[in-house]
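In: have a look; sequence and predicted model below, questions after that.
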Amino acid sequence: MLIKIKRPSDCRESEVTDKRLYLERRRFLRLAWGTVLATAAGVVGPELGSPRPALAGEKLKGVRKGPFSTDEELTPYKAVTTYNNFYEFATDKRSPAELAKNFQTKPWTVAIEGEVKKPAVYALEDLLKPHPLEERIYRLRCVEAWSMVIPWVGFPLGDLIKRLEPTSKAKYVEFVTLYDPEQMPGQRYPVLKWPYVEGLRMDEAMHPLTILAVGLYGEVLPNQNGAPLRLVVPWKYGFKSIKSIVKIRFVEQQPVTTWHRAAPHEYGFYANVNPEVDHPRWSQARERRIGEFFKRKTLMFNGYAEEVAHLYAGMDLRKYY
Ligand SMILES: Nc1nc2c(c(=O)[nH]1)N[C@H]1C(S)=C(S)[C@@H](COP(=O)(O)O)O[C@H]1N2
Ligand SMILES: [Mo]
């Protein structure tokens, strides 16, 4: 009888490459931040006497496995962190990783405003402290018809919202990215109206799939992926998942979101992944998973229909695109 033994060469090339890079990076970080890591405690790491460029890459502690994870193959770390949409830095996908290298994410505050019982400017540490971190492996589907599978680290946005106690007038949640053209060179150009704004209906914001992420691949978010705090809404096109959040506002009216303002007939407020509603300039029926050659079919609500379709019962999804 022949028994097939899995040899290293049976592994996919991408797997091997990614693992090697992952380990090399780890080793580099150990060398660079040896003492820091030795004393690192928790989400945002230790208070440091002297400034240093970035916190990205520190290992997050006490991360438990969260619900809703897909078991699909992960997109390699390298691709997740070097193929980014972050227009505050640049409009191409390669530059944000380089241009965001020295982005200062500490200290960081988040203003909580509007229809809420506990409005305040919170230090990020205080905002995060009560929330245990979970790993959630989600698909991210960009409106440009590519997709990734990313192991996020974060916590349900709904848990934070409950803590902040919105009033009965709060029908939507608006999110705002940092405006700082000194640090974010893309903001020196009027490609979009700055700062970047996104929004969710209250029930979308409270949905257990919706998370605020502080990390990926077990580490603090790389700056180009939206450090230190970004939204992840897996059933919507990637542009809803706003990065580097400095303000969360509870409002009565539907927020005017950045991409909707820029091109209203191309980008709706809802932006649910929907293979049946094409972008005016291209089809949304298929997508390319980064790292794969053949395109695959795009699934309704990015494959999360079972969890979220009820939120839109009775709505015409061609009108509310
Ligand atoms: N502030 C801000 N958030 C943003 C963007 C941006 O340009 N600025 N790009 C969006 C788009 S179009 C996508 S597809 C995702 C990409 O996230 P990633 O780079 O972590 O994969 O971020 C979204 N969040
Ligand atoms: Mo996107």
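Out: Sure, I can see it. Ligands and ions are numbered 1, 2, ... in the order given.
In: where exactly do the strands run in the stretch 201-321 of the chain?
Out: 211-216, 219-220, 230-232, 245-251, 286-289, 296-297 (DSSP state E, counting those that start in this stretch).
In: which of those sits most buried?
Out: Most buried of the strands of the stretch 201-321 of the chain, by mean neighbour count (mean count of other CB atoms under 10 Å): strand 211-216, with a mean of 25. Heads up, the C-betas are built off the backbone N, CA and C, glycines and all.
In: returning to what we had before: out of the strands of the stretch 201-321 of the chain, which gets nearest to ligand 1?
Out: Closest approach to ligand 1 among the strands of the stretch 201-321 of the chain is made by strand 230-232 (6.9 Å; CB to the nearest ligand atom).
In: so what strands line up beside that closest one?
Out: Strand pairing for strand 230-232, determined by DSSP bridges: strand 211-216 (antiparallel).
In: what mean pLDDT does the partner strand get?
Out: The pLDDT scores in strand 211-216 average 98.
In: closest residue of the stretch 51-200 of the chain to ligand 2?
Out: In the stretch 51-200 of the chain, the residue that lies nearest ligand 2 is residue 142 (3.4 Å; CB to the ion).
In: and that residue, its phi and psi?
Out: For residue 142, the backbone dihedrals (degrees, to the nearest 10) come out as phi -80, psi 150.
In: please report the distance of it from residue 316.
Out: 24 Å (CB to CB, to the nearest Å).
In: with distance to ligand 2 added, can I get the strands of the stretch 201-321 of the chain in JSON lines?
Out: Below are the strands of the stretch 201-321 of the chain laid out as JSON lines (distance: least, CB to the ion, whole Å):
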{"stretch": "strand 211-216", "distance to ligand 2": "16"}
{"stretch": "strand 219-220", "distance to ligand 2": "22"}
{"stretch": "strand 230-232", "distance to ligand 2": "13"}
{"stretch": "strand 245-251", "distance to ligand 2": "17"}
{"stretch": "strand 286-289", "distance to ligand 2": "11"}
{"stretch": "strand 296-297", "distance to ligand 2": "17"}
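In: select, out of those strands, the one closest to residue 106.
Out: strand 219-220 (10.2 Å; CB to CB).
In: do any residues in that closest one lie close to ligand 1?
Out: No: shown here: strand 219-220 not in contact with ligand 1 (CB under 6 Å from any ligand atom), separated by at least 13.5 Å.
In: which other helices and strands does that strand contact?
Out: Counting contacts by 3 or more CB pairs under 8 Å, 6 or more residues apart in numbering; DSSP states H and E, strand 219-220 packs against no other helix or strand.
In: great, nothing more from me.
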